[in-house]
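**Q** Only the shape, not the letters, is given here:
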């Protein structure tokens, strides 16, 4: 590790925090309908859909509207991918995707996972990229933010029966937040050298005198929304490690910032909605501290180097550079990896399969914690609030007092719903991974033997269930078994989690808000932040410790002993 590397990390995080403060204020204004510079377009969309934006929805109606909208998006995207071969804007003449791959990809982009069992530049036409994948990048992100705003409203008032209108939240978030940010960032990316073209490729003459075909396409604006929406699906197969997706250190820094700024801002938006900005700052402090600690852990592991390389005489100062961009080094690779897995983005600028065992352990653990540190756009906030409910419940048990959070009593129903949501990830991750690790059809997809092979499979289902989308590498995922089961894991991780969260919001919103008293546990200070972090680590992490012990931890000790598989 170097001071220069830490300076880069500090600069990026400082810029993100500086941008999150005004953005949090702006999102709060969108949530309350105070932003209307595109009012004619907004009214036109409502009229076309027969929507009354003033009509409130209870948690059931809000959740059903969300599910219906996402189901329609899935069907349209699936049809587009299957029919890609006969549709226009396909200069490469690419065929439609197989039923299994189309199902996996459609589910992946609708659930904000963007897991890719294909290489974008050789599998997707321009129409599929723009009208299919890029559109879902906006819609899935808008869905998550809308849900976060609805959950936030549940804490803001007494006896609240309506959590807002899903369609109104969905339209406003898309029009006033995601589209403007993606437009500005996309233009910046074009200026920095990312392609934005309908041409399929360009021919170049190499230094040896040969000819090379370099793929192009409408990349810049999709890359912008993939980071802003914490989607992560790369236009090119190797994602942000590709020179067209990561043309410079500045572009990489902007990508890192883009995938954190909305999750950080939403924590502050929550504070404004509930009328106590300190509450949002406490959540933000936990998010930020986790990013810093995770980055430090990855940076230390990769800068320490591979023991086998060191034994072979490789300069220790080089650390482990395998699978990393030499232009960016270990510092930006560590920060990118920590934020992309903690923020449910899934984009990568380094190949995780080449990380040291402990370096790979950290991003896998961040996903398994529930992707709340800082989490995806929207999903990070409402996931964090689920853990906040459990944290105050634990505090209440310790002092023998009925737990409260922001004046709302947390009782048996709320705790059951919170635990139902929390248990979705371990059931999906460990259940599917356990079956796949003994099923011959699935084991044939694993590249490596021993604990690293276990890590490849465990990471795949962690990434799918956590709606992250990054891959550990070394896994042949385009098979009927993996395409189907990973898609089911994505659906469970998104919607089986969201429904109990919305039920929790409905229950809390209907409760009266009690004034704080002398015995009320303050939820805006360091004590609560520490308790919340501890609950996340214990409830979110210990469930996976046996599996991690057999995977990356075992690989670490085997590597120290000089053994490979």
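**A** Perfect, thanks for sending it. This one's a predicted model, so the numbers in the text were calculated from it and none came from an experiment.

**Q** Count residues in the vicinity of residue 191, would you?
**A** 10 (other C-beta atoms under 10 Å). The way it works is simple: take the backbone N, C-alpha and C, and place the C-beta from them, glycine included.

**Q** ditto for the one 4 residues further on
**A** Taking other C-beta under 10 Å as the criterion, the count of residues near residue 195 is 21.

**Q** hmm, who's touching stretch 113-121?
**A** Stretch 113-121 is contacted from outside by 97, 101, 104-105, 107-108, 124, 129, 137, 215, 217, 226, 231-237, 346, 463-464, 467-469, 471, 477-478, 482-483, 486, 490, 493-494, using C-beta atoms under 8 Å, 6 or more residues apart in numbering.

**Q** what is the mean pLDDT for it?
**A** Averaging pLDDT along stretch 113-121 yields 83.

**Q** give me every residue that touches residue 145.
**A** Counting by C-beta under 8 Å, 6+ apart, residue 145 touches 27, 169, 173, 177, 262, 266, 377-378.

**Q** On the three-state scheme, the nearest residue to residue 551 once chain neighbours are set aside is what?
**A** Leaving aside its chain neighbours, residue 551 sits nearest to residue 455 (4.0 Å; criterion: C-beta to C-beta, 6 or more residues apart in numbering). Secondary structure, DSSP: H, G, I helix; E, B strand; the rest coil: residue 455 is helix.

**Q** Residue 455 touches residue 358, doesn't it?
**A** No. Counting by C-beta atoms under 8 Å, residue 455 does not reach residue 358; the two are 11.6 Å apart.

**Q** Give the intersection of the neighbour lists for these two.
**A** Shared contacts of residue 455 and residue 358 (C-beta under 8 Å, 6+ apart): residue 552.

**Q** Those two: which is more packed in?
**A** With neighbours defined as other C-beta under 10 Å, residue 455 and residue 358 compare such that residue 455 has more, 30 against 18.

**Q** contacting residues for the more buried one?
**A** 357, 360, 364, 472, 551-552, 555.

**Q** Mind doing that once more with 10 Å?
**A** 352-353, 357, 360-361, 364, 446, 448, 462, 472, 474-475, 547-548, 550-555 (C-beta atoms under 10 Å, 6 or more residues apart in numbering).

**Q** What separation do you get for it and residue 359?
**A** 12 Å (C-beta to C-beta, to the nearest Å).

**Q** shared neighbours, these two?
**A** Both residue 455 and residue 359 are in contact with 352, 552, where contact means C-beta under 10 Å, 6+ apart.

**Q** hang on, residue 402 packs against residue 414?
**A** No. Assessed by C-beta atoms under 10 Å, residue 402 is found out of contact with residue 414, at 11.3 Å.

**Q** Can you check which residues contact both of those two?
**A** Residues touching both residue 402 and residue 414 by C-beta under 10 Å, 6+ apart: 392-393.

**Q** Comparing these two, which residue is more hemmed in?
**A** residue 414 (24 against 12).

**Q** where does that one fall, phi/psi-wise?
**A** Residue 414 has phi and psi values of phi -70, psi -40 when expressed as degrees, to the nearest 10.

**Q** cool, residue 325 as well?
**A** Main-chain torsions, residue 325, degrees, to the nearest 10: phi -70, psi 120.

**Q** Tell me how many other residues crowd it.
**A** Residues near residue 325, counting by other C-beta under 10 Å: 21.

**Q** Residue 67: what secondary structure?
**A** helix.

**Q** Run a quick neighbour tally on it.
**A** For residue 67, the neighbour count with other C-beta under 10 Å is 15.

**Q** show me the contacts for it.
**A** 143, 166, 495, 498-499.

**Q** and it, how far is that from residue 487?
**A** Residue 67 is 16 Å from residue 487, by C-beta to C-beta.

**Q** now residue 412
**A** Residue 412 sits at a distance of 34 Å from residue 487 (criterion: C-beta to C-beta).

**Q** Same question for residue 123.
**A** Note on residue 123: its distance to residue 487, by C-beta to C-beta, is 17 Å.

**Q** picking that back up, among the contacts of residue 145, who's most crowded?
**A** When neighbours are taken as other C-beta under 10 Å, the top entry among the contacts of residue 145 is residue 266 (36 neighbours).

**Q** Excluding sequence neighbours, find me the nearest residue to it.
**A** Distances taken as C-beta to C-beta, 6+ apart put residue 381 closest to residue 266, at 4.5 Å, once the chain neighbours are dropped.

**Q** So the residue lying closest to residue 503 once chain neighbours are set aside: helix, strand or coil?
**A** Spatial nearest neighbour of residue 503, excluding adjacent residues (C-beta to C-beta, 6+ apart): residue 417 at 5.3 Å. Assigned with three-state DSSP, residue 417 falls in the helix class.

**Q** okay, residue 123 and residue 487: which has more neighbours?
**A** Between residue 123 and residue 487, counted using other C-beta under 10 Å, the more crowded position is residue 487 (24 against 20).

**Q** Need the pLDDT of that one.
**A** 95.

**Q** doesn't residue 99 make contact with it?
**A** No. Taking contacts as C-beta under 10 Å, residue 487 lies outside contact range of residue 99: 11.5 Å.

**Q** among the contacts of residue 67, who's most crowded?
**A** Ranking the contacts of residue 67 using other C-beta under 10 Å puts residue 143 first, with 30 neighbours.

**Q** show me what contacts that residue?
**A** 66-67, 69-70, 73, 110-112, 136, 166, 169-170, 173-174, 229, 377-379, 494, 498.

**Q** can you do 8 Å?
**A** Contacts of residue 143 by C-beta under 8 Å, 6+ apart are 66, 69-70, 112, 170, 378.

**Q** for residue 97, same thing?
**A** Residue 97 neighbours (C-beta under 8 Å, 6+ apart): 81-82, 84, 105, 118, 123.

**Q** now residue 354
**A** Residues near residue 354 by C-beta under 8 Å, 6+ apart: 320, 322-324, 473.

**Q** give me the low-pLDDT residue ranges for the chain?
**A** Scanning the chain for pLDDT under 70 picks out nothing.

**Q** tell me the domain boundaries of it?
**A** Domain assignment of the chain by automatic domain parsing yields the ranges 3-201+215-275, 278-560.

**Q** got those as CSV, with distance to residue 208 columns?
**A** Formatted as CSV, the domains of the chain follow (distance: least, C-beta to C-beta, whole Å):
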stretch, distance to residue 208
domain 3-201+215-275, 19
domain 278-560, 21
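
**Q** how about the strands in this structure?
**A** In the chain, the strands defined using DSSP state E lie at 201-205, 211-215, 404-405, 408-409.

**Q** Which of the ones you listed sits closest to residue 8?
**A** Residue 8 sits nearest to strand 211-215 of all the strands of the chain, at 28.9 Å, using C-beta to C-beta.

**Q** Within its sheet, name the partner strands of that closest one and how each one runs.
**A** With DSSP bridges as the test, strand 211-215 is paired with strand 201-205 (antiparallel).

**Q** Which one (most neighbours) among the contacts of residue 97?
**A** residue 105 (29 neighbours).

**Q** can you name the farthest residue from the center of the protein?
**A** Here the chain reaches farthest from its C-alpha mean at residue 209, the gap being 42.8 Å by C-alpha atoms, centre = their mean.

**Q** ok, it - contacts?
**A** Taking C-beta under 8 Å, 6+ apart, one finds nothing in contact with residue 209.
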